[in-house]
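1. Next input, structure requested:
(one chain, ligands or ions: 2)
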Amino acid sequence: MKRQAQTAISHEEAARQNEIILRLKDRLKDESLTYFITTFGCQMNAHDSEKLKGILEQIGYVEAENELVADFVIYNTCAVRENAEQRVYGRIGHLKSAKRKNPNMIIALCGCMMQQATVITELKKKHKHIDIVFGTHNLYKMAELLETRLETNHPVYDIWEAHKEIVEDLPSIRKHPYKASVNIMYGCNNFCTYCIVPYVRGRERSRLPVDIVNEIAGLVNDGVKEIMLLGQNVNSYGKNLEESTSFAKLLSMIEKIDGLERIRFMTPHPKDLSDELIDVMALSSKICHHIHLPVQSGSSKLLKAMNRHYTKESYMALVDKIRDKISDVTITTDIIVGFPGEDDRDIEDTLEVIRYAEFASAFTFIYSKRTGTPAANMDNQIPEALTKERFNKILDLVNEMSLKKYHKSCWQDLYSIG
Ligand code: SAM
Ligand code: SF4
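-> Ligands and ions are numbered 1, 2, ... in the order given. Next comes the predicted model:
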């Protein structure tokens with residue numbers, strides 16, 4: 001199969017980084033150094049942090065009990081909502097005094113928040129104690145950036161707007177022995193009007209099926225039983241590959257891996273969840289019957305303004321279709337409250353969809369205005385107090401539905417045992 005430049009894996013670059021890791025290992029071997037990583041945000045970030053951990057432990061760093069006593073402190077940041085950014089600023093402020101006590105402490109910031117020019121300007125101006133800053137596209141270069149920092153004794157800022165290659169074959173440390181996450185794609189092309197992800201994670205790039213299958217087979221060899229496939233919109237998987245394929249086909253390939261017991265994935269976008277995928281899930285003995293299907297809002301008016309490309313009715317029809325084919329499916333969701341232009345009727349629509357879909361759980365978020373997204377410039381931003389009131393209303397129903405589902409599933413479990 002011919003590899004498209006966009007998804008080419010650079011084994012040469014991985015080899016170069018592995019050489020740097022070995023060089024640092026030798027250089028720091030007598031220093032018994034420690035690290036502490038704090039991860040903000042989603043599962044993608046959590047998985048990225050496993051890669052950072054892998055590199056650091058390969059160099060010889062050992063995990064510290066907390067960041068205040070660590071020699072290398074990393075914040076892997078999130079930009080999806082403003083409060084996560086404020087928490088990072090607050091915490092890097094506190095690290096100033098820890099660094100005064102241990103002047104050799106190295107502080108690194110990475111991840112989505114670092115892809116924003118305003119953040120970089122602020123860091124350079126007000127947070128001169130930060131040593132290393134990198135973004136989402138060059139995470140694999142962390143050892144090289146550390147080496148540069150040690151050699152120059154100057155702050156190292158390295159932010160890329162985009163990156164064509166995927167660099168693999170670097171060490172990674174899993175949180176759980178039996179469970180692992182695997183990226184099947186990077187970036188997003190959907191540009192939901194509230195969301196910063198396409199700007200900070202770049203355009204969609206799918207990995208080749210063979211590379212994904214090989215990685216999972218390797219993990220299974222290493223004792224993994226359950227994998228979580230990660231992508232911002234897994235339904236788009238394969239569209240940018242030269243030999244176009246689909247997420248459902250990828251799942252069928254993964255299903256055949258001997259020794260793998262459970263397959264999960266997130267996140268599918270409701271606008272293009274295919275019949276093919278539902279059929280593959282229904283017939284599979286390994287794919288968990290759980291779909292996280294972010295609705296964001298039940299109002300067709302707001303869904304249009306959010307650029308989601310589905311309506312209240314088409315979402316409900318999709319839920320019906322899924323339940324028809326997978327009767328024991330669990331559906332969970334994400335909901336945003338306080339999107340510009342929202343009124344009481346829109347909230348009623350959302351409440352109706354929650355009741356209809358019987359979500360087993362939902363992440364409910366207060367809309368956060370992200371500079372650079374279209375929604376940030378929309379008229380009719382909603383006052384905070386009103387959003388909170390509506391948020392509580394939604395949350396009450398979500399909790400009620402979760403409890404109902406929980407009781408039902410307990411009963412089902414008892415029934416199947418009895
Ligand atoms: N790609 C996934 C999708 O489309 O469902 C979700 C990725 S996003 C990082 C996770 C969730 O964050 C979204 O489903 C949405 O509910 C929420 N989110 C994104 N931008 C937001 C914003 N500006 N304010 C509040 N919540 C937001
Ligand atoms: Fe953000 Fe929408 Fe892409 Fe999800 S699909 S990451 S919400 S732009």
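2. Pull up the gap between the residue nearest the centre of the chain and Arg203, please.
-> Centroid-nearest residue in the chain: Met44, 2.9 Å away (criterion: C-alpha atoms, centre = their mean). Noted for Met44: a distance of 15 Å to Arg203, by C-beta to C-beta, to the nearest Å. (Glycine included, C-beta is placed from N, CA and C.)
3. name the element the closest residue to Gly338 other than its chain neighbours belongs to?
-> Excluding its sequence neighbours, the residue lying closest to Gly338 (C-beta to C-beta, 6 or more residues apart in numbering) is Thr387, at 3.3 Å. Using DSSP states H and E, Thr387 sits within helix 384-417.
4. just Asp279 next, same as before
-> helix 275-283.
5. Report the separation between the nearest residue to Glu276 once chain neighbours are set aside and ligand 2.
-> For Glu276, ignoring the flanking residues on the chain, the nearest one in space by C-beta to C-beta, 6+ apart is Ala248 at 4.1 Å. Note on Ala248: its distance to ligand 2, by C-beta to the nearest ligand atom, to the nearest Å, is 19 Å.
6. which secondary structure elements does the helix or strand where Ala248 lies contact?
-> Assigning secondary structure by DSSP H and E places Ala248 in helix 247-255. For helix 247-255, the packing partners by 3 or more C-beta pairs under 8 Å, 6 or more residues apart in numbering; DSSP states H and E come out as helix 209-221, strand 226-230, strand 262-266, helix 275-283.
7. related to what we said a few turns ago, tell me, how many residues neighbour the residue nearest to Glu276?
-> 20 (other C-beta atoms under 10 Å).
8. quick one: the residue nearest to the centre of the chain is in a strand?
-> No - per DSSP: H, G, I helix; E, B strand; the rest coil, Met44 lies outside any strand segment and is helix.
9. need the contact list for it.
-> By C-beta atoms under 8 Å, 6 or more residues apart in numbering, the contact list for Met44 reads 183, 201, 230, 232.
10. neighbours around the last one, how many?
-> Taking other C-beta under 10 Å as the criterion, the count of residues near Gln232 is 21.
11. pretty sure it contacts Phe191?
-> No - using C-beta atoms under 8 Å, Gln232 is not in contact with Phe191; the gap is 11.2 Å.
12. Contacts only, for Asn104.
-> Taking C-beta under 8 Å, 6+ apart as the test, what Asn104 contacts is Asp71.
13. what secondary structure does it sit in?
-> coil.
14. Kindly report the same for the one 3 residues further on.
-> Classification of Ile107 into helix, strand or coil gives strand, according to three-state DSSP.
15. do Ala143 as well
-> Applying three-state DSSP: Ala143 is helix.
16. Who are the contact partners of it?
-> By C-beta under 8 Å, 6+ apart, the neighbours of Ala143 are 17, 20-21, 24, 55, 59.
17. Please report the residue range of the longest strand in the chain.
-> strand 330-337 (DSSP state E).
18. okay, the angle between that strand and strand 262-266?
-> 20 degrees (axes from the mean of the first three to the mean of the last three C-alpha atoms, to 10 degrees).
19. Tell me what angle the helix or strand that strand 330-337 is followed by forms with strand 330-337.
-> Tracing the chain C-terminally past strand 330-337 and defining elements by DSSP H and E, one meets helix 344-357 next. Here helix 344-357 runs at an angle of 170 degrees relative to strand 330-337 (the same axes, to 10 degrees).
20. Now tell me what touches helix 344-357 from outside.
-> The contact list for helix 344-357 (C-beta under 8 Å, 6+ apart) reads 295, 297-302, 312, 315-316, 319, 331, 333, 335, 337, 362, 390, 393-394, 397-398, 401.
21. Can you name the residues that contact Ser246?
-> 237-238, 274, 276-277.
22. quick one: it from Asp158, how far?
-> 36 Å.
23. right, and the residue nearest to Gly338 touches Tyr367 too?
-> Yes - because the distance of 6.9 Å satisfies C-beta under 8 Å, Thr387 is recorded as touching Tyr367.
24. Can you check which residues contact both of these two?
-> Common neighbours of Thr387 and Tyr367 (C-beta under 8 Å, 6+ apart) are 337-338.
25. neighbour count winner among these two?
-> The residue with more neighbours, out of Thr387 and Tyr367, is Tyr367; 21 against 18, by other C-beta under 10 Å.
26. residue ranges with poor pLDDT in the stretch 51-200 of the chain?
-> By pLDDT under 70, the weakly predicted segments of the stretch 51-200 of the chain are 163-165.
27. Now do the helices in it.
-> 82-101, 117-126, 142-152, 197-201 (DSSP state H, counting those that start in this stretch).
28. Export those helices as CSV, with columns for distance to Asp343.
-> Formatted as CSV, these follow (distance: least, C-beta to C-beta, whole Å):
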stretch, distance to Asp343
helix 82-101, 23
helix 117-126, 31
helix 142-152, 47
helix 197-201, 27
